[in-house]
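Undergrad: sequence first, then the predicted structure:
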Amino acid sequence: MSISIQNTGFSYGDTPILRDINCDFQTGGFHSIIGPNGSGKTTLLDIISGFLPPDRGHVLVGEIPIKKLGKRDLAKSIALVSQNYAVNFPFTVREVVLMGRHPYIDRFSNPGIQDLDMADKIMDQTGISHLRQRKITELSGGEKQRCIFARALCQDTPVLLLDEAFSNMDIRHTLHLLGLLKEQVQKAKKTVIAVLHDLNLASAWSDSLVFLKKGQILAKGQTAEVFTRENIRTVFNVDAKVEFNDYTQAKQAYFKAS
Amino acid sequence: MEASMTGATEGSGKTRIWVLSFICILSLMIMVSLSMGFLSIPMKDMLSVIASKINGSLPDIAMAETYAAVIFDVRLPRILTCAAVGAALSVSGVLFQGILLNPLADPYTLGVSAGAAFGASIAILLNLSATYVSIPLFAFMGAGATLFFVVFLSWSPRQRSGGLSSNNLILSGIIVAAILSAGISFLKFIANEQVSVIIFWLMGSFASKTWANFWVVLAFLIFGFSIALYYARDLNLISLGDRSAASLGVNLKKVTIILLVTGSMLAAVCVSISGIIGFVGLLVPHMVRFITGPDNRRLLPVSLLAGAVLLLVADTITRAVLPNEIPIGILTALTGGPVFCWIFKQSRMS
């Protein structure tokens, strides 16, 4: 399922957050949004997820304008791993992962066998099965993030939005989950749109990149083409050396204090 | 898969056992409470009076008529009203803690108690006739008006959740409650000899409650509890944070408003019938969460019953055990406060 954003703008009061955004996220692609703090990345995800209605323009989910989709249909189409991974009450990890099945379970029904199986399968895949009966409030930040990630996967949607989903995870788990995503993108033609802070991770794993600065898209396109020294300099105001790295099989950027 | 099946049914099975045990405890407690009091009624006589009431005749025992009057006209309406108020306050507490994502929230967080107290004080001050109707009515209107003003203060139409975030609501509630309590102080100041009536009303009591009181609370309780159960799963998801809940299909604005109004109406009807009874709505959801976990589908029914039992025990103590009846609001705060301190300290230590 593709996502298309057309002439979209958004402001809080008089402060414009996003201006005139136009971009398409193709089906079966891993897309990353990168940009400095306060550039509007999370707001852009909010608009794609339907959390915020844009002031201007349209968001198309597949062929359908997002406004026309019911909440439940939207929840079956787009899942979100939010930046905020805090859960306010001591639910068990398993209960949290099962919450991902919410859009599929009738109001007064209990989760069916297929829902429970799905939750178990995903807890296995994401490596949190050993935490299943633990209270999520007692886990470390990285462990919580893996649980929230598993919850979104359990939602089983064609589109997955990640907002700094790996910010507290160690490198091994980050790579493991990115690998899992890549596999779903390639095999199940899922669409992943991720906000990432680590530019090299973004370059190594994304098919396409969107550079966002002050609410505007400064560059977008295939990773190999737009991941350049010039773009990094204009967007982040830092000097970098960018070169193809044989080991990661991707362009990587190197920085030094200036 | 075996493990997963048992995992899912385990919770609901345990809940069923807790619900059944609390129903038994509640029934037992009602019986015990009926027999206790200024006139102590032997359990055997009491059962035969109740049995014969169902048959429509009087049993062949001494003082049968007196017993029947004490049981059915005095004690039973008070006991049932008390249990229903305890239940309603607990359900309301669960709702507030769930929506405000704050284990410190209680039914009075949004200033409902201050609003009710202000309304009741005005009714008392104006010395309206038919106080049995006018005080509860004014209290209820005061609570309702406060709720709508607090929601109005926090409301911001641009935000997806309507601006009804925990911080906004709690802050608005505190501001409004502060204004109202200054207003109540002013009313007390100008009330002269009626000041004691106001003070006693504020402390809460179940003395001389009628069947009408019970039916009113019960009607609100059934209605409020049904709504709460209907949205219980949405309330679970809200604890994931607003973005995650919305991405799972929860209509945040709608669910928040409906549950806030439900919780406040429950609190308002309780306050208007029995005055301000603190700590039940705060304490019961806390304690019940230890046995059911945080899932609102289990927390709500068990809290309802536990709240009924707890308040009934407290009321029976003030009515029948203590040499002089003290206002129940004082008793719940005096006993509930230390218990809360203990629970809080325990959670700090672990």
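TA: Arrived safely. Numbers count the residues shown, from 1 in each chain, chains lettered A, B, ... in the order given.

Undergrad: B:Thr318: how many residues sit nearby?
TA: 20 (other Cβ atoms under 10 Å in any protein chain shown). No exception for glycine: its C-beta is placed from N, CA and C like everyone else's.

Undergrad: need the contact list for it.
TA: Counting by Cβ atoms under 8 Å, 6 or more residues apart in numbering or on different chains, B:Thr318 touches B:Glu325, B:Ile326, B:Pro327, B:Ile328, B:Leu331.

Undergrad: just the CA atoms of stretch A:174-182, as PDB, please.
TA: In PDB, the C-alpha atoms belonging to stretch A:174-182 read as follows (Å, rounded to 0.1, in the frame of the first residue of the first chain):
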ATOM      1  CA  THR A 174      18.400  -2.600  16.200                       C
ATOM      2  CA  LEU A 175      20.000  -4.700  13.400                       C
ATOM      3  CA  HIS A 176      17.800  -7.700  14.100                       C
ATOM      4  CA  LEU A 177      14.600  -5.600  13.900                       C
ATOM      5  CA  LEU A 178      15.800  -3.700  10.800                       C
ATOM      6  CA  GLY A 179      16.500  -7.100   9.200                       C
ATOM      7  CA  LEU A 180      13.000  -8.300  10.100                       C
ATOM      8  CA  LEU A 181      11.500  -5.100   8.600                       C
ATOM      9  CA  LYS A 182      13.600  -5.500   5.400                       C
END
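
Undergrad: so what touches it?
TA: Residues outside stretch A:174-182 that contact it (Cβ under 8 Å, 6+ apart): A:30, A:125-127, A:146, A:149, A:153, A:160, A:165-166, A:169, A:190, A:192, A:201, A:205.

Undergrad: so which helix or strand takes in the residue lying closest to A:Gln249 once chain neighbours are set aside?
TA: Nearest non-adjacent residue to A:Gln249, counting by Cβ to Cβ, 6 or more residues apart in numbering or on different chains: A:Ala204, 7.7 Å away. Under the criterion of DSSP states H and E, A:Ala204 resides in helix A:199-205.

Undergrad: give the rounded mean pLDDT of that helix.
TA: Averaging pLDDT along helix A:199-205 yields 93.

Undergrad: how far does the helix or strand just after it sit from the chain's center?
TA: Using DSSP H and E, the next helix or strand after helix A:199-205 towards the C-terminus is strand A:208-213. The chain centroid and the centroid of strand A:208-213 are separated by 14 Å under Cα atoms, centre = their mean, to the nearest Å.

Undergrad: and the following helix or strand past strand A:208-213, which strands flank it?
TA: Toward the C-terminus, strand A:208-213 is succeeded by strand A:216-222 as the next helix or strand (DSSP H and E). Strands that pair with strand A:216-222, judged by DSSP bridges, come out as strand A:208-213 (antiparallel).

Undergrad: show me the strands in the stretch 101-250 of chain A, by range?
TA: A:159-163, A:191-195, A:208-213, A:216-222, A:240-245, A:250-255 (DSSP state E, counting those that start in this stretch).

Undergrad: quick check: buried residues in the third one?
TA: Neighbour counts over strand A:208-213 (16 or more other Cβ atoms under 10 Å in any protein chain shown) mark A:Ser208, A:Leu209, A:Val210, A:Phe211, A:Leu212, A:Lys213 as buried.

Undergrad: show me what the second one bridges to in the sheet.
TA: What that stands for is A:Leu209. In this entry, A:Leu209 is beta-bridged to A:Ser32, A:Gly221, by DSSP bridges.
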